[in-house]
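Asks: Attaching a predicted model along with its sequence, questions to come.
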Amino acid sequence: MKLHLVASFSMDAWDSIADESGATGGPATARVVLRKTYRGGGLEATSSGHALTTRGPRGASYVAQERIVGSLDGRRGSFVLEHAAAMGDGYETSMRAGVVPGSGTGALSGITGAGRVEHELLTLDVEIPDV
């Protein structure tokens, strides 16, 4: 089954722990524990995960992984979503998201997909093997 998923999400937790700045005076970095709730497009789920962030005066970036648990188009299970974004003065913003290969469980076993995570919106083209 192929599915074009567009789901909104709420950020239920974004607990950031700043890293030490070090002697270089470079951009601020942090580790984040996150939780979300997804609704829409056939996805009813919650997630928990981690992110690494960098923020400087002229740009910012993050990378994250989160385990999404719930139902997608009526199929219950989980999968891990890996996503990232980078932006900065004079640079085009880049965003990407993808299902970690082999991370699907339950009725979502074998799920694959790619897309992007934007502000409170997940867009993902997925394929789930028929069981």
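Replies: Looks like it came in fine. Numbering: from 1, shown residues only.
Asks: What segments of this structure are strands?
Replies: 2-18, 28-40, 43-56, 59-72, 75-88, 91-99, 105-106, 112-118, 121-127 (DSSP state E).
Asks: Quick one: distance of the second one to the chain centre.
Replies: Right, strand 28-40. Offset of strand 28-40 from its chain centre (Cα atoms, centre = their mean, to the nearest Å): 8 Å.
Asks: and if you look at the first one?
Replies: Between the mean C-alpha location of strand 2-18 and the chain-wide mean there is a distance of 6 Å, by Cα atoms, centre = their mean.
Asks: Please apply the same query to the last one.
Replies: Computed by Cα atoms, centre = their mean, the chain-centroid distance of strand 121-127 equals 11 Å.
Asks: Direction included, what does it pair against?
Replies: Note on strand 121-127: by DSSP bridges, its sheet partners are strand 2-18 (antiparallel), strand 112-118 (antiparallel).
Asks: okay, those strands in JSON lines with distance to residue 78 and mean neighbour count next?
Replies: Backbone N, C-alpha and C define where each C-beta goes, glycine included. Below are these laid out as JSON lines (distance: least, Cβ to Cβ, whole Å; neighbours: other Cβ atoms under 10 Å):
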{"stretch": "strand 2-18", "distance to residue 78": "15", "mean neighbour count": "13"}
{"stretch": "strand 112-118", "distance to residue 78": "14", "mean neighbour count": "17"}
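Asks: Many thanks, have a good one.
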